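S.K.: With the sequence up front, the predicted model follows.
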Amino acid sequence: MSEPVFDLTYIWAAIMAFGVIMYVLMDGFDLGQGILFPFAPDEESRDIMMNSVAPVWDGNETWLILGGAGLLAAFPLVYAVFLPALYIGVFLLLAGLIFRGVAFEFRFKARTSKYLWNWAFAGGSIVASFAQGAVVGAYIQGFEVENMRYVGGALDWLTPFTVLTGLGLVAGYGLLGATWLILKSEGKTQAWAYKITPPLLVAVLVVFGAIGLYTPYVDQYVSSRWFDEISIAWILPVLVLLCAIRVYTSVRSKRDGSPFVATMGMFVFTYLAMLYSKWPYVVPPDYTFHQAASAHESQLFLLLGLLFVIPFVLVYTAWTYWVFRGKVKAGVGYH
Amino acid sequence: MELDPLLLSRIQFAFVVSFHAIFPVFTIGLASFIATLEGLNYRTRNPVWERLATFWAKVFAVVFGMGVVSGIVMAFQFGTNWSVFSHTSANFLGPVLSYEVVTAFFLEAAFLGVLLFGRNKVPRGVHFASAVMVATGTFISSFWILSANSWMQTPAGVEMVDGFYHVVSWADAIFNASFWPRFFHMALASFLTGSFVVAGVSAWYIMQGREVETHKKALSMTLWFLLIATPAQVVIGDIHGLNTLEHQPTKVAAMEGNWETGGNVPLLLFAIPDQEAQTNHFEIGIPNGASWILRHDAEGVVPGLKDVPQDKQPPVAIVFWAFRIMVGIGLLMVVFAVVGLFLRRNENYAKKRWFLNGLRFMSFSPFLAVLAGWFVTEVGRAPYLVYGQMTHAEGLTPSLTGGMALFTLIGYIVVYALVFTAGSYYLMRVLRDGLEKSETTVTDDELQRAKRPLSAANSAIEWE
């Protein structure tokens, strides 16, 4: 086969990296509602929490399915190593997502069985968030791979480090959820969201900080990347901290929109820092994104379709958020 | 007993995919039915069509929602349990499966919302066009998934380089040898599923005396359609069978329960295949029947299972009986369609309680037939995942243990039991509420709320 004129692997890496952060930000705040659900002051607040994400949550989760299929198409090695290595975790993730998805639909239609759907929503969201955090931790840890096949055990991924990253993401999604709620609610629900944001912020900073300090010990590669020479990338953790300060000050001054935007900033810069830590390895410790990529003609074949569909989906997504802009009022949206 | 990850993974895949398949097979057919109703509504402006379309769109919404939920699991099954297969064939399967997801995504984003919520917000033509696009989209989605499956049955258009399939011709790979018969067989199966469910549910309403005139229109429509579609399925099924005879003779041998290659092979109506002894017990058959069907000649040579060693034979009893269940139900469908024609006089098809009761019963039959058909084609491919090239054992995730596979198998059974009990229960609720309640005016509250498929149905989940 002739050498392709242009290496599409970079484009696909960008698409997948973009897809992951899109998913994390968008599903993050709606998973966050589930994480905060048990602590809500009353049932009316829970209605508002759920209504604030109801129009968008399933679109958010579709990115995950697309991500799964896209990985198989563009970086099959990632698909074929991560899923076997995280076998149990993947099951927990899917079971959690199914329960919360169904809870979304049926809680609105339920009367006497409402409390059951509350539990399904909270439990499913927490399990799914934890599992996603553990995936991130497992990625940083690396996988035992021989000859492009995972050869480790069923629970190799479950270490103190991945438990920490799992909890970190639960706290992080909780913070995203709380600041989203500040943006979308008013009255006592918003007051409650304002109240829980600072403690959540502290929890996130503590766990993120612990992960940051722990990571170089878990992985030599990360350590040398950050500490061998001080590069421009050190601006990323600084930006995370600046965003955190911004969250705090805007909560103090009661600016409804800023805490959410600043929290998203924390996520984006943490994500970039993580990519920088492992780049160019996508199946650590041995395989780079080039080695994990599919054949050129396969990348091209799918890209042609996606170039048509992705702009459409983005416009549609933006339109949905636009239609449902503004505060969610109590009593609206359920009966 | 040692837990076998291979067997458990196969059971798990059979379980999750069977569970998933029943939803799309229904929605594909139903989408076309709704599009037809919307078309009639657009042309005639007769409110009956609009009422029927609105009601069935709600049923569609609930079933589509359940299909999406069970579909999430499917996107990850290939990687968790069949990672070597996925990796090896990713250059073809990855883009094809992605196109399937993208189509479903695109469809929901663009047109489903308009169909379900937009009747009074967009021009009539746009609403009708959305219904057509939803129906078309379901077909494009099934086009890709059936292409992937057909490629596993009759691989083509690829070459093996360094242990991975590389696509040399997308056209050859996508439109492989068994694709078109499978596609049309499955498309018709979806139509039959939609039709028999609509017929059965309409019959049920008619028997209860609810909105009889309206449901009678739906029933009449579907019966006319079935009169064409059921015999057509017999023909397409035959073509599909001959295609399998050409490309996967061992599968046909298992379907016929035929061990020795030769002529004058009987069509077995009953037998208990014994794989150990490589023979059948208690055979009852029509002499020369299989030879006639497959070769149109009493002397016609039918392949036998013994042409391949025993470890390369599929589990014969499953294939043999699943095939008989499918064909039996298919023939029963033809009978119902023909009886429906004879009952046209005086609109007896909507009056005879035995016929209406029969239709109610038949509304479950297409699901059974479709699953049986998939068991024939999937189990019949065994021991291969990619026919003739990669076995199930070779495609299995190497790190998978029996304990892990058992854990998730039980897990999925529990999750599905809970979730789909709730879903089916709710679907029954929507059906029980029926046409009458599907028209309660939509309030501003509801317009503020989600625009998701399931929210199109507004029944309460508990019985009152």
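M.R.: Yep, it's here.
S.K.: Residue A:51 against residue A:328, yeah?
M.R.: Yes. Using CB atoms under 8 Å, residue A:51 makes contact with residue A:328 at a distance of 4.9 Å. Where C-beta positions appear, they are placed from N, C-alpha and C, glycine not excepted.
S.K.: need the contact list for the residue nearest to residue B:112 when sequence neighbours are not counted.
M.R.: Among residues not flanking residue B:112 along the chain, residue B:134 sits closest, at 5.7 Å (CB to CB, 6 or more residues apart in numbering or on different chains). By CB atoms under 8 Å, 6 or more residues apart in numbering or on different chains, the contact list for residue B:134 reads B:31, B:34-35, B:107, B:111-112, B:115.
S.K.: Try it again at 10 Å.
M.R.: Shown in contact with residue B:134 (CB atoms under 10 Å, 6 or more residues apart in numbering or on different chains): B:27, B:30-32, B:34-35, B:38, B:57, B:60, B:64, B:107-108, B:110-112, B:114-116.
S.K.: So which elements touch the lengthiest helix in chain A?
M.R.: If you go by DSSP state H, chain A has its longest helix at helix A:187-218. If you count contacts as 3 or more CB pairs under 10 Å, 6 or more residues apart in numbering or on different chains; DSSP states H and E, helix A:187-218 packs onto helix A:9-36, helix A:43-53, helix A:114-141, helix A:160-184, helix A:220-227, helix A:235-252, helix A:258-278.
S.K.: helices and strands around the second one, which ones?
M.R.: With contacts defined as 3+ CB pairs under 10 Å, 6+ apart, helix A:43-53 has these neighbours: helix A:9-36, helix A:87-109, helix A:114-141, helix A:160-184, helix A:187-218.
S.K.: looking at the ones you listed, which is closest to residue A:324?
M.R.: helix A:160-184 (8.9 Å; CB to CB).
S.K.: helices and strands of chain B: which one bottoms out on pLDDT?
M.R.: helix B:444-448 (a mean of 44; mean pLDDT, DSSP states H and E).
S.K.: ok, residue B:425 to chain A distance?
M.R.: Residue B:425 sits 10 Å away from chain A, going by CB to the nearest CB, to the nearest Å.
S.K.: repeat for residue B:240
M.R.: Taking CB to the nearest CB, one finds residue B:240 at 28 Å from chain A.
S.K.: Which strand or helix spans that residue?
M.R.: Assigned by DSSP states H and E, residue B:240 belongs to helix B:212-247.
S.K.: counting contacts, what elements does the helix or strand following that helix pack onto?
M.R.: Note on helix B:212-247: by DSSP H and E, the next helix or strand toward the C-terminus is helix B:249-256. The contact analysis (3+ CB pairs under 10 Å, 6+ apart) places helix B:249-256 against helix B:212-247, strand B:267-274, helix B:289-295, helix B:316-342, helix B:365-379.
S.K.: Mind doing that once more with 8 Å?
M.R.: Other elements packing on helix B:249-256 under the criterion 3 or more CB pairs under 8 Å, 6 or more residues apart in numbering or on different chains; DSSP states H and E are helix B:212-247, helix B:289-295, helix B:316-342, helix B:365-379.
S.K.: Lowest mean pLDDT across those, which one is that?
M.R.: Lowest mean pLDDT within the helices and strands packed on helix B:249-256: helix B:289-295, a mean of 92.
S.K.: what about the stretch 1-150 of chain A, any weak spots by pLDDT?
M.R.: A:1-5 (pLDDT under 70).
S.K.: Please identify the residues of the stretch 101-250 of chain A in proximity to chain B?
M.R.: The stretch 101-250 of chain A comes close to chain B at residues A:101-102, A:104-106, A:108-113, A:148-154, as judged by CB under 8 Å from any CB of the partner chain.
S.K.: Any quick PyMOL command for the buried ones out of those residues?
M.R.: This is the PyMOL syntax for the buried subset of those, where burial follows 16 or more other CB atoms under 10 Å in any protein chain shown:
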select buried, chain A and resi 101+102+104+105+106+108+109+110+148+149+150+152+154
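S.K.: which ones are touching residue B:334?
M.R.: B:230-231, B:234.
S.K.: ranking those residues by neighbours, who comes first?
M.R.: residue B:230 (24 neighbours; other CB atoms under 10 Å in any protein chain shown).
S.K.: I figured that one hits residue B:192, correct?
M.R.: Yes. Here residue B:230 reaches residue B:192: they are 6.8 Å apart, a contact under CB under 8 Å.
S.K.: which neighbours do the two share?
M.R.: With CB under 8 Å, 6+ apart, residue B:230 and residue B:192 have common neighbours residue B:333.
S.K.: ok, and what's touching stretch B:33-45?
M.R.: B:46, B:49-50, B:52-53, B:56-57, B:60, B:115, B:124-125, B:127-128, B:131-132, B:134-135, B:194-195, B:198, B:221-222.
S.K.: now could you export just the CA positions of stretch A:170-186 as CSV?
M.R.: Taking C-alpha atoms only, stretch A:170-186 is exported to CSV below (Å, rounded to 0.1, in the frame of the first residue of the first chain):
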residue,chain,number,x,y,z
VAL,A,170,-17.1,12.0,41.9
ALA,A,171,-16.1,15.2,43.8
GLY,A,172,-15.4,17.0,40.6
TYR,A,173,-18.7,16.1,39.0
GLY,A,174,-20.4,17.1,42.2
LEU,A,175,-18.8,20.5,41.9
LEU,A,176,-19.8,20.8,38.3
GLY,A,177,-23.3,19.8,39.2
ALA,A,178,-23.5,22.3,42.1
THR,A,179,-22.2,25.3,40.0
TRP,A,180,-24.6,24.3,37.1
LEU,A,181,-27.4,24.4,39.6
ILE,A,182,-26.4,27.9,40.8
LEU,A,183,-26.7,28.9,37.1
LYS,A,184,-30.0,27.2,36.5
SER,A,185,-32.0,27.6,39.8
GLU,A,186,-33.1,30.3,42.1
